[in-house]
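1. Structure for the following, please:
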Amino acid sequence: MTAIEAEEPIGITRNRSKELVGAAVQRHPLWSRAGLSERAFTLAFSGLVYPQIWEDPSVDMEAMALAPDHRLIAIASGGCNILSYLTAAPLRITAVDLNTAHIALNRLKITAVRHLDSHADFHRLFADAASQANVMLFDEQLAPHLDADTRGYWMARDWRGRRRIAGFARGFYGTGLLGRFIASGHFLARMLGGNPALIARARSLEEQRQIFDREIKPLFEKPFVRRLLDRRAALFGLGIPPAQYEALSGGRPMHEVIEARLERLACGFDLADNYFAWQAFNRGYAAKGKGPLPPYLEAHNFDRLRQRIDGVRMLNVSLTAHLAGLPKASADRYVLLDAQDWMTDEDLTSLWAEITRTARPGARVIFRTAGKPTILPGRVPEAILGRWTYMAERSETLTARDRSAIYGGFHLYIKAD
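-> Next comes the predicted model:
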């Protein structure tokens, strides 16, 4: 029995995701304006959201200074992060997520590392992600090794009668809430006279700038686009809940914030080194392996992944709840993504109390925020936060190097004792 098969059944259903996500984001009465917005987000977020995670694992790994046998606790999302961390060192990783679709995706990736015959097959499944051969790989090499819940998730059919796994035959990175959001953005841009996909043809930073100024920047001058982006629900496709909207806005009109961050994504990094830009503007990684990839998909890392994959386990539970069950001083690294932007002061205090209790001396915590500043001072009691050192200068440097470009701040805390 594999490690995945030995894990507790999770009951991969949309209702379970709604229950867990709802508990995290719903703060207001149902029939209030804020309550309706929160419940609309819960519904949107209860299926697959992120076919690819949008945090730069290279920045993460540099900040965490990973070493063999570190115990790492991370929010999983699409799983590109946790698998990429394994390329740095043999780790013991517990990945948690509220979304059962993300759990199913991660377990599929882990099983693929274990059981596919070659990196070529792994690359075709998760990099090209648009081949009928991927469905055959699933049926013949992966499905027999998946736990029943995960196998059932990928074999379930949509309203058209197509199995979910068939998304890897049509183009997986066009699926999920984010994939559909990006596709809608391309469609709207073309309807209004622009073509974001042309950026993928650029051969230099100068050309990237020229194409952005010609094809994308003028779209933000259109009143329709401004009004659309200034609506909170319009950003659900980016996985931005109502509670995070204000942090992202920072008091500015949302269309200005989105334009600035899209400009940084398009023009701030060479396309040859930024697979996030390929996902945004090409709606998938570069064809035939002719462009950048996350570390876990690079050929030279495949054998390393196979040797280390048994160090990973997946849990469908909240991060705070998982930490509450761990012994004192038992973990070395914590990856919180941007989840704290969703949290109340009470939630943050509970989370950091458990992080502080379970952290070993010298432990590190990394996270991102929609806005630029760290959100913890004044919200987490000094008795807890005072045991951590905020690496302000280092955080600012790493923020500038985060190729996903969509977050306002990257933050690193190190336990002082």
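2. Okay, strands next: where are they in the stretch 251-400 of the chain?
-> 312-315, 331-335, 359-369, 388-390 (DSSP state E, counting those that start in this stretch).
3. among those strands, which is the most enclosed?
-> Neighbour counts (mean count of other Cβ atoms under 10 Å) averaged over each of the strands of the stretch 251-400 of the chain peak at strand 331-335, with a mean of 25. C-beta coordinates here come from the backbone N, C-alpha and C atoms, glycine included.
4. what's that strand packed up against?
-> Applying 3 or more Cβ pairs under 8 Å, 6 or more residues apart in numbering; DSSP states H and E, one finds that strand 331-335 contacts helix 57-64, strand 71-75, strand 359-369.
5. Contacts only, for Ala112.
-> 121-122, 125-126, 142 (Cβ atoms under 8 Å, 6 or more residues apart in numbering).
6. Compute the first-to-last residue distance for stretch 164-172.
-> With Cα to Cα, to the nearest Å as the measure, stretch 164-172 spans 10 Å from end to end.
7. List the buried residues for it?
-> 164-169, 171-172 (16 or more other Cβ atoms under 10 Å).
8. Next, the residues that contact that stretch from outside, please.
-> With Cβ under 8 Å, 6+ apart, stretch 164-172 has contacts from 51, 125-126, 129-132, 134-135, 138, 153-158, 175, 179, 283-284.
9. let's see 7 Å
-> By Cβ atoms under 7 Å, 6 or more residues apart in numbering, the residues outside stretch 164-172 that reach it are 51, 125, 129-132, 134-135, 138, 153-156, 158, 175, 284.
10. pLDDT averaged over stretch 340-353, what's the number?
-> Mean per-residue pLDDT for stretch 340-353: 92.
11. The residue lying closest to Leu146 once chain neighbours are set aside: which element?
-> Excluding the flanking residues, the one nearest Leu146 by Cβ to Cβ, 6 or more residues apart in numbering is Thr111, at 5.6 Å. Per DSSP states H and E: Thr111 is located in helix 100-115.
12. Quick one: name whatever helix or strand follows that helix.
-> Sequence-wise, the next helix or strand downstream of helix 100-115 (DSSP H and E) is helix 119-123.
13. next helix or strand past that following helix?
-> Remark: after helix 119-123, the chain's next helix or strand is helix 132-137, criterion DSSP H and E.
14. which residues touch the residue nearest the centre of the chain?
-> Closest residue to the average C-alpha location of the chain: Ile53 at 2.8 Å, with Cα atoms, centre = their mean. Each residue near Ile53 by Cβ under 7 Å, 6+ apart is listed here: 77-81.
15. mind redoing it with 8 Å?
-> So Ile53 contacts 77-81, 337 (Cβ under 8 Å, 6+ apart).
16. and the gap between the residue nearest to Pro294 when sequence neighbours are not counted and Leu337?
-> Leaving aside its sequence neighbours, Pro294 sits nearest to Cys80 (Cβ to Cβ, 6+ apart; 4.7 Å). According to Cβ to Cβ, to the nearest Å, Cys80 and Leu337 sit 12 Å apart.
17. Could you do His322 as well?
-> The value you get for His322 to Leu337, if Cβ to Cβ is used, is 15 Å.
18. and if you look at Phe138?
-> Relative to Leu337, and taking Cβ to Cβ, Phe138 is found at 28 Å.
19. do His255 as well
-> 25 Å.
20. What's the local residue count around Arg203?
-> The number of residues packed near Arg203 is 10, by other Cβ atoms under 10 Å.
21. could you say which helix or strand contains it?
-> Per DSSP H and E, there is no helix or strand for Arg203.
22. for it, phi and psi?
-> Here is the backbone geometry of Arg203 (degrees, to the nearest 10): phi -110, psi 0.
23. List the residues that contact it.
-> Counting by Cβ under 8 Å, 6+ apart, Arg203 has no contacts.
24. distance between the ends of stretch 161-170?
-> End-to-end distance (Cα to Cα), stretch 161-170: 14 Å.
25. Return the distance of it from the chain's centre.
-> Put simply, stretch 161-170 sits 21 Å off its chain's centre (Cα atoms, centre = their mean, to the nearest Å).
26. Could you export the buried residues of stretch 164-172 to JSON lines, including columns for pLDDT, distance to Arg107 and secondary structure?
-> As requested, the buried residues of stretch 164-172 are exported to JSON lines (pLDDT from 0 to 100; distance: Cβ to Cβ, whole Å; DSSP: H, G, I helix; E, B strand; the rest coil):
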{"residue": "Arg164", "pLDDT": "96", "distance to Arg107": "13", "secondary structure": "helix"}
{"residue": "Ile165", "pLDDT": "97", "distance to Arg107": "13", "secondary structure": "helix"}
{"residue": "Ala166", "pLDDT": "97", "distance to Arg107": "18", "secondary structure": "helix"}
{"residue": "Gly167", "pLDDT": "96", "distance to Arg107": "16", "secondary structure": "helix"}
{"residue": "Phe168", "pLDDT": "97", "distance to Arg107": "15", "secondary structure": "helix"}
{"residue": "Ala169", "pLDDT": "97", "distance to Arg107": "20", "secondary structure": "helix"}
{"residue": "Gly171", "pLDDT": "95", "distance to Arg107": "21", "secondary structure": "coil"}
{"residue": "Phe172", "pLDDT": "96", "distance to Arg107": "15", "secondary structure": "helix"}
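27. who are the neighbours in contact with the residue nearest to Pro294?
-> Cys80 neighbours (Cβ under 8 Å, 6+ apart): 52-53, 57, 294, 296.
28. nearest to Gly194, of those residues?
-> The shortest approach to Gly194 among the contacts of Cys80 belongs to Gln52, at 23.3 Å (Cβ to Cβ).
29. mind checking which helix or strand the closest one is in?
-> Gln52 belongs to no helix or strand, assigned by DSSP H and E.
30. Verify the contact between it and Tyr173 for me.
-> Yes. Gln52 lies in contact with Tyr173 (Cβ atoms under 8 Å); the separation is 6.3 Å.
31. Overlap in contacts, these two.
-> Joint contacts of Gln52 and Tyr173 (Cβ under 8 Å, 6+ apart) are Gln279.
32. contacting residues around Phe276?
-> Counting by Cβ under 8 Å, 6+ apart, Phe276 has contacts 54, 56, 265, 403-405.
33. Distance of the spatially closest residue to Gly176 that is not a sequence neighbour relative to Tyr334?
-> Nearest non-adjacent residue to Gly176, counting by Cβ to Cβ, 6+ apart: Leu48, 4.0 Å away. Per Cβ to Cβ, Leu48 is found 25 Å from Tyr334.
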